[in-house]
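Q: when you get a sec, could you give me coordinates for this:
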Amino acid sequence: QVQLVESGGGSVQAGGSLRLSCAFSGRAFSTYILGWYRQALGKERELVAFINAGGGTNYVDSVKGRFTISRDIPKNTVYLQMNNLGYEDTAAYYCAARSILRPTFDYWGQGTQVTVSS
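A: Residues are numbered from 1 along each chain as shown. The predicted structure is shown next:
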């Protein structure tokens with residue numbers, strides 16, 4: 001069973017940076033696609049970024065050029081570096097994982113709050 005544990009959220013002023021971490025355990029890390037979702041109050045959850053098994057990355061347009069997803073395979077950890085944060089980035093951020101054999105993200109972390117103040 002895959003387990004995901006996020007860390008690194010917090011409060012930051014607009015224009016600041018945060019790095020989220022997600023520790024993965026339970027299966028072969030390199031065979032999973034890892035993603036970061038976020039959900040703001042009153043809004044639907046959205047996929048912010050993901051990194052596939054081959055290391056390719058993809059981002060939602062609103063974070064391109066500001067956020068970077070990366071992974072450290074020996075540490076079984078995926079990161080989300082967030083720069084130039086704005087109020088609109090305030091949300092609960094969730095790490096998610098799916099097997100390359102599955103069409104949907106099946107495993108979720110508990111979430112970490114990111115709050116950006118102006």
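Q: in the sheet, who's paired with residue 115?
A: Under DSSP bridges, the beta-bridge partners of residue 115 are residue 11.
Q: what about it, distance to residue 90?
A: For residue 115, the distance to residue 90 equals 5 Å [C-beta to C-beta, to the nearest Å]. (Glycine included, C-beta is placed from N, CA and C.)
Q: between the two, who's got more neighbours?
A: Neighbour count, other C-beta atoms under 10 Å: between residue 115 and residue 90, residue 90 has more, with 18 against 15.
Q: ok, what's across the strand from the one residue sitting closest to the centre of the chain?
A: The chain has residue 36 as the residue nearest its centroid, 2.5 Å off, counting by C-alpha atoms, centre = their mean. When bridges are called by DSSP bridges, residue 36 pairs up with residue 49, residue 95.
Q: for it, report the pLDDT, please.
A: Per-residue pLDDT puts residue 36 at 98.
Q: quick one: residues contacting it.
A: When contacts are counted by C-beta atoms under 8 Å, 6 or more residues apart in numbering, residue 36 touches 20, 22, 47-50, 69, 78, 80, 93-96.
Q: need the buried ones from those selected in ChimeraX.
A: Buried members of these, defined by 16 or more other C-beta atoms under 10 Å, are picked up in ChimeraX with:
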select :20,22,48,49,50,69,78,80,93,94,95,96
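Q: can I get the contacts of residue 36 in TSV with distance to residue 29 and pLDDT?
A: Shown next, in TSV, are these (distance: C-beta to C-beta, whole Å; pLDDT from 0 to 100):
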residue	distance to residue 29	pLDDT
20	17	98
22	11	98
47	19	97
48	20	98
49	17	98
50	14	98
69	14	98
78	9	97
80	16	98
93	20	98
94	18	98
95	12	98
96	14	98
